[in-house]
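Colleague: The amino acid sequence is not available; the structure is as follows:
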């Protein structure tokens with residue numbers, strides 16, 4: 001059947017997903033708000049570590065809560081965790097003058113580090129994260145092909161439920 005992906009592999013998948021999502025969100029946001037047809041999404045290298053770590057923590061929360069509460073409650077808890085994580089990492093990065101975001105221009109911001117205008121987007125993102133990214137990442141398996149003449153190439157396979 002193969003062995004599950006290691007925590008590092010899963011963290012990497014989550015980091016790439018978050019990084020890509022951030023770039024796409026900023027491109028679409030700028031198009032909707034400013035009619036910017038260039039679709040130049042932006043992010044920071046910090047986003048890679050922020051999204052990877054937060055999503056990995058949400059994976060752990062999903063595994064803990066999936067049999068204990070419904071999807072709506074889980075996604076609400078995930079969204080609260082995202083806000084706490086965004087505020088915390090933003091606060092630390094700001095101490096080093098390295099925080100790449102500033103929500104001061106938004107009406108419902110807190111210290112410019114989080115904005116509640118993004119709540120529906122974070123909720124939807126958490127829903128998609130659980131249902132598409134986390135569930136499928138947990139199904140991935142590494143299988144070792146038969147070794148011949150020193151080959152040790154691995155391949156990914158999805159485990160059927």
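Modeller: Thanks, I have the structure now. All of these numbers come straight from a predicted model, not from anything done at the bench.
Colleague: For this structure, which segments are assigned as helices?
Modeller: Under the criterion DSSP state H, the chain contains helices at 7-34, 45-65, 71-95, 119-128, 135-139.
Colleague: where in the chain is pLDDT low?
Modeller: In the predicted model of the chain, residues 145-161 satisfy pLDDT under 70.
Colleague: Give me the neighbour count for the nearest residue to residue 44 once chain neighbours are set aside.
Modeller: Closest residue to residue 44 in three dimensions, ignoring its sequence neighbours and counting by C-beta to C-beta, 6 or more residues apart in numbering: residue 100, at 3.6 Å. Bear in mind the C-beta positions are built from the backbone N, C-alpha and C, glycine included. Neighbourhood size, residue 100 [other C-beta atoms under 10 Å]: 14.
Colleague: if I look at residue 100, how far off is residue 7?
Modeller: Residue 100 sits 26 Å away from residue 7, taking C-beta to C-beta, to the nearest Å as the criterion.
Colleague: Give me the distance between residue 105 and residue 123.
Modeller: From residue 105 across to residue 123, the span is 22 Å (C-beta to C-beta).
Colleague: again but with residue 70, I slipped
Modeller: Distance, residue 70 to residue 123, using C-beta to C-beta: 14 Å.
Colleague: In terms of neighbours, single out the busier of those two.
Modeller: In this view residue 70 and residue 123 are compared by other C-beta under 10 Å, and residue 123 has more residues nearby, 16 against 10.
Colleague: dump the residue contacts of the nearest residue to residue 119 once chain neighbours are set aside.
Modeller: Nearest residue to residue 119, sequence neighbours excluded (C-beta to C-beta, 6+ apart): residue 79, at 6.7 Å. Residue 79 makes contacts with 119, 122, 123, 126, as judged by C-beta atoms under 8 Å, 6 or more residues apart in numbering.
Colleague: ok, of the residues you listed, which come out buried?
Modeller: For the contacts of residue 79, a neighbour count by 16 or more other C-beta atoms under 10 Å gives the buried set as 122, 123, 126.
Colleague: separation between the last one and residue 24?
Modeller: Distance check for residue 126 against residue 24: by C-beta to C-beta, it reads 16 Å.
Colleague: Done for today, thanks.
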